[in-house]
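Asks: compute the structure for the input listed below.
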Amino acid sequence: MQLDADTLLPAVISLVRDELRRLRGDAGAAVDATTWEASTTLGGEAIGADSIERLTLATAVAERFGLHELDAGDYLLRRHSLGEWAGIAAEGIRQAAGMTFRSSGTTGEPTPHRHPLADLEQEVSHLARLFPGTRRVISLAPAHHIYGFLFGVLLPQELGCPIRHDRSRSGLPPADLDRGDLVVGFPLRWRQLATLYPAFPPGVTGVTSTAPCPPALARELAQRGLERLVAIYGATETAGIGYREGPDEPFRLFDHWESDGCYLYRRRRDGIGEAVTPPDHLEFRDSRHFIPAGRRDGAVQVAGVNVHPEQVAEKLRHRPGVAEAAVHLDRSEEPRLAGWVVPESGTDPEALKAELHTWIREHLTPPERPISLTLAEEIPRGPLGKPAVGLSA
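Replies: Numbers count the residues shown, from 1 in each chain. Got it, this is the predicted structure:
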């Protein structure tokens, strides 16, 4: 598969934008990449990266595209435009024959996971068979995320069709959406579409990943005319593992995965197999079909980001006036965290609730923030004494 500078430019832009937003904290929300192109320079007016930011950005790009394996990360600091960085990235992938993606996380530390390029190409070959007749891919997912890279960079190459990356802030696909288009999104963006987009033309297919898609949302999209919505199950650690086309169906393993009931095994094209422990507990209905049954590490996903409710609860327990706290995932609509708090004796409950909401806004990232707090005399518990407020994923 030919990956050149033009092909990789969207992934480089997406990664640089994401890193800048992280580096600049609250000011990072103003980073706007809609006008960035190959000729955009790192130190120019559009990006304005200082020397420290450039070093951090170069480190992230070097790790992502294998340049650190070749001891070639310094090459990036000698070039000034995004297009030049994309060209160096293409050379890095070609020589290192792999990429490194970092798992998303807020309270959990993101960790790097390397994927051989041959493995990614193997998956894309299977994905292409799921979407015959695709005339164009429209990606609403970040191209530097493993999901966005597979569907927004590699899949169009495999299908031989054009790709359109959406970097606007509207959350909507282009007005010329038409038959044969494959729209790549994730639950939060699909919720926007279900709310704002009037109706889909016939023959449009959607794909969703990064977090569970609520069944009600899938049905609403179908009512608005979306012909198919294919959900992909996977993780940064494993890439894609399986897929399903109905919200009430189990996932089906991709052809290159097998299970013995305990472990997953990936069959590579070179014949070498590998045992993999998936991040979720998987309940198998038969040898090929499964449903996810909760994270092994206790994390849940909010807007595609891994969040650890128990760590958020522990932060609340250290607030003045809080005797006990529990945090869980509320799946009533778009998944968000919710919390239960037991006030200390003599504490004004309403004043405590107001203080906690202020502290939450100021000290927790958006995915970590409980959107509701229930004050009670005790945390509801099940027969075994464990909190019974939905703490499992």
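Asks: ranges for the helices of this structure?
Replies: 5-23, 51-64, 74-77, 82-96, 117-130, 146-149, 155-159, 187-196, 215-223, 309-317, 349-363 (DSSP state H).
Asks: so which of those comes closest to residue 301?
Replies: Between residue 301 and these, the tightest spacing by C-beta to C-beta is seen for helix 187-196, at 9.0 Å. Quick note: C-beta positions are derived from backbone N, CA and C, even for glycine.
Asks: quick check: residue 102 vs residue 112, distance?
Replies: 5 Å (C-beta to C-beta, to the nearest Å).
Asks: what about residue 291, how many neighbours?
Replies: If you count neighbours by other C-beta atoms under 10 Å, residue 291 ends up with 16.
Asks: list the contacts for residue 43?
Replies: Residues near residue 43 by C-beta atoms under 8 Å, 6 or more residues apart in numbering: 49, 50, 54, 80.
Asks: just the buried ones from those residues, in PyMOL syntax?
Replies: Applying 16 or more other C-beta atoms under 10 Å to the contacts of residue 43 leaves a buried subset, and the PyMOL line that selects it is:
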select buried, resi 49+54+80
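Asks: can I get the contacts of residue 43 in TSV with distance to residue 118 and pLDDT?
Replies: Converted to TSV, the contacts of residue 43 look like this (distance: C-beta to C-beta, whole Å; pLDDT from 0 to 100):
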residue	distance to residue 118	pLDDT
49	34	92
50	38	93
54	32	94
80	33	92
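Asks: now, which of the contacts of residue 43 sits nearest residue 62?
Replies: The closest of the contacts of residue 43, once distances to residue 62 are taken by C-beta to C-beta, is residue 54, at 12.1 Å.
Asks: return the backbone torsion pair for the closest residue to that closest one other than its chain neighbours.
Replies: Leaving aside its chain neighbours, residue 54 sits nearest to residue 42 (5.5 Å; criterion: C-beta to C-beta, 6 or more residues apart in numbering). Backbone torsions for residue 42, taken as degrees, to the nearest 10, come to phi -70, psi -40.
Asks: what's near enough to touch residue 42?
Replies: So residue 42 contacts 16, 49, 54, 57, 80, 81, 82, 85 (C-beta under 8 Å, 6+ apart).
Asks: low pLDDT regions in the stretch 1-150 of the chain?
Replies: Scanning the stretch 1-150 of the chain for pLDDT under 70 picks out the ranges 73, 104-109.
Asks: ok, back up a step: could you check how far the residue nearest to residue 54 is from residue 215?
Replies: From residue 42 to residue 215 the distance is 44 Å (C-beta to C-beta).
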